[in-house]
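K.L.:
just to be clear, the model below is a prediction. Sequence and coordinates:
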Amino acid sequence: MIEKALKGGRGYWAWIALLLILIGLGVSAYARQMSLGLGVTGMGRDISWGVYIAQFTFLVGVAASAVMVVLPYYLHNQKAFSKIVIVGEFLAVSAALMCMLFILADMGKPQRVLNVLLYPSPHSMVFWDVMVLNGYLLINLVSAWAVLGAERRGVPAAAWTRPLIYLSIPWAFSIHTVTAFLFAGLPARHLWLTAVLAPRFLASAFAAGTAILILITFILKKTAAFDVGQDARQKLAVLGAYAGTANFFFLGTEFFTAFYSNVPAHKQSLQYLYFGLQGHAPLVPWMWLSLIVGLISVGMLMTPSLRHQNGWLASACAGLVLSIWIDKGVGLVIGGFVPTPLEAVVDYVPTATELSVTLGIWAIGLLVLTVLLKTLVSVRAQQ
Amino acid sequence: MAGLGALAGIGAAAGMLPLFALEQTDMSAFSESPVPGKVRWGMLIDTRKCRDGCSGCVVRCHHDHNVPDFGKSKNEVKWIWKSRYEEAFPTASQQFQSPEVENRKVLTLCNHCAEPPCTRACPTEATFRRWDGIVSMDYHRCIGCRFCMAACPYGSRSFNWQDPRPAVRELSATYPTRERGVVEKCNFCSERLVKGLLPACVDSCTEKAMTFGDLNDPVSEIRALLASNETMQRKPELGTLPSVFYII
């Protein structure tokens, strides 16, 4: 079935070539990191995680959001999602793959990664995260591939795919809950040490994930003449709007608790991110951009007259993705390290090497997604 | 006679094979099998005795353990260092503190917590709490994920962001060097304790500002000092139960 991805027009191959060039750049940057060490990144003793872990966190959310099409389709028989459900699952596969690559890129000794399995440590959240992420990737790849294969042969999907798909629903919640627990269980990192982190991760994931899905359906419609249907997009837009609202509500509760209680440790990270702390305010414009664009986008998605127009819908989705990418892919991870345990305010600036590796991993994910979606579109076009 | 011949053969080989030429382990240290939790090594630092401007213990520790010197850069590696009072004790009372205390430098190092958050976060048990309470590192198992660094509330852990060996000023034979890509930190000189020696920092202090001993031994010197002085631990509210105590 994968051979279908080998037939495409000029635009398709130009896109593949672009991705391959970016992957090549990423690989060469990674080679530099491997030979010189992680010192070539902007990370250091105080801000010991950076864009890699931040992208990982954002992408776990994108992966989890497949549940927003799988759940309505398989549990509530929402026929509107029939054409989009495999798109969602393939998006989950590529996002989960990128997550794992970002973790690998962040490791000082990637050659020892199997130590996580050789010395399983259930007390460590990383152990659980590796388990659930790999499992989630496999579940989605196997079930979506089997369903699509059956579709190609014109037969009903094998009976075993059903329980697997049902399993993917709680599994989607688990991957982002465990990812939140990576952060929320660490003492003295007060931005993360909050019970609302897991719910907020899920809300922001479902908002950004559905928005990305809607944008992908627009791209598929335009480039591959494959339309999942206006109905599916509208239903997703509403889901995204409510998830986005929940996300900003949770963010608001963080602000209230921190600033009304007036406990310095609870306030400092938020102060650093949104207002600046001890004269350091590198992320302030980013965070306000995220907040304003996010709120406007949610408002647009909530307004039926705007939501029904494709132009407005697409820009609202792009806005929501940008907002949550800044929030989770920039602010959350870096903000959690400021101030340091010894009360210093340290800034982090990613290096060109680090950004090239990041871009390369995104390109790998997009390549995998392109190939999977091309297969899907070709199978569907045959019928 | 054949047995004797074989022994003689081994004896002769010992001189030739480098494997047999390793430094002999002091077996007396292992005469008793370790009982988990029986010993809990701890340290009491009298900040009043710690001389301003002196950094003898820091230099000695970093020399003995081949800690690379990257200066105050983001790649800095340190096992023990001096912090300002408010940096070391950010949650302690700060207002209207005497200027002398406010400016006092406090030695900071790994607290070898009884409830360490770092070992909990480690996905490979590369950092673990030993039978004697020391939070130790296995540099050969560490995957360099730096979860322990995010988990440590004291900033006591350093990562080798680049190859540390060229930055080791004067190679010491007392402790192995590390590779880039792994985390390291103070080990309470477990390599000295096994020989019956005090930690290098304690040994080097001319002011006798540091007392080292078994916190589980009610008649130890450190317990007597803890009982007779008002002492502090860093961030006690986190429940990590540090084994390093301070007299302010």
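P.N.:
Perfect, thanks for sending it. Numbering: from 1, shown residues only, chains lettered A, B, ... in the order given.
K.L.:
how much space is there between the residue lying closest to A:Gly209 once chain neighbours are set aside and chain B?
P.N.:
For A:Gly209, ignoring the flanking residues on the chain, the nearest one in space by Cβ to Cβ, 6 or more residues apart in numbering or on different chains is A:Ser65 at 1.9 Å. The way it works is simple: take the backbone N, C-alpha and C, and place the C-beta from them, glycine included. Computed as Cβ to the nearest Cβ, to the nearest Å, the A:Ser65 to chain B distance reads 26 Å.
K.L.:
repeat for A:Thr57
P.N.:
13 Å.
K.L.:
next one, pLDDT for that residue please.
P.N.:
For A:Thr57, the pLDDT comes out at 95.
K.L.:
since we're on it, how many residues are nearby?
P.N.:
24 (other Cβ atoms under 10 Å in any protein chain shown).
K.L.:
regarding it, which helix or strand does it belong to?
P.N.:
helix A:51-64 (DSSP states H and E).
K.L.:
chain center to the helix or strand following that helix: distance?
P.N.:
Later in the chain than helix A:51-64, the nearest helix or strand by DSSP H and E is helix A:67-70. In terms of Cα atoms, centre = their mean, to the nearest Å, the centre of helix A:67-70 is found 15 Å from the chain centre.
K.L.:
please apply the same query to stretch A:267-284.
P.N.:
On Cα atoms, centre = their mean, the centre of stretch A:267-284 falls 25 Å from that of its chain.
K.L.:
buried ones in that stretch?
P.N.:
If you call a residue buried by 16 or more other Cβ atoms under 10 Å in any protein chain shown, then stretch A:267-284 has these buried ones: A:267-274, A:277, A:280-281, A:283-284.
K.L.:
list the contacts of the closest residue to chain A within chain B.
P.N.:
Closest contact between chain B and chain A, by Cβ to the nearest Cβ, is at B:Gly144 (2.0 Å). B:Gly144 sits next to A:38, A:107-110, A:112, B:159, B:181-183 when contact means Cβ atoms under 8 Å, 6 or more residues apart in numbering or on different chains.
K.L.:
what pLDDT is listed against B:Phe96?
P.N.:
B:Phe96 is assigned 90 on the pLDDT scale.
K.L.:
Three-state assignment for it, please.
P.N.:
Counting by DSSP: H, G, I helix; E, B strand; the rest coil, the backbone at B:Phe96 sits in coil.
K.L.:
which strand or helix spans the residue lying closest to B:Phe128 once chain neighbours are set aside?
P.N.:
Excluding the flanking residues, the one nearest B:Phe128 by Cβ to Cβ, 6+ apart is B:Thr119, at 5.4 Å. Secondary structure from DSSP H and E places B:Thr119 in helix B:117-121.
K.L.:
thinking again about what came up before, save the buried residues of stretch A:267-284 as TSV, and put in distance to chain B, pLDDT and secondary structure too.
P.N.:
Converted to TSV, the buried residues of stretch A:267-284 look like this (distance: Cβ to the nearest Cβ, whole Å; pLDDT from 0 to 100; DSSP: H, G, I helix; E, B strand; the rest coil):
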residue	distance to chain B	pLDDT	secondary structure
A:Lys267	13	95	helix
A:Gln268	10	95	helix
A:Ser269	13	95	helix
A:Leu270	17	96	helix
A:Gln271	15	96	helix
A:Tyr272	15	96	helix
A:Leu273	17	96	helix
A:Tyr274	21	97	helix
A:Leu277	14	95	strand
A:His280	15	94	strand
A:Ala281	19	94	coil
A:Leu283	17	95	coil
A:Val284	22	96	helix
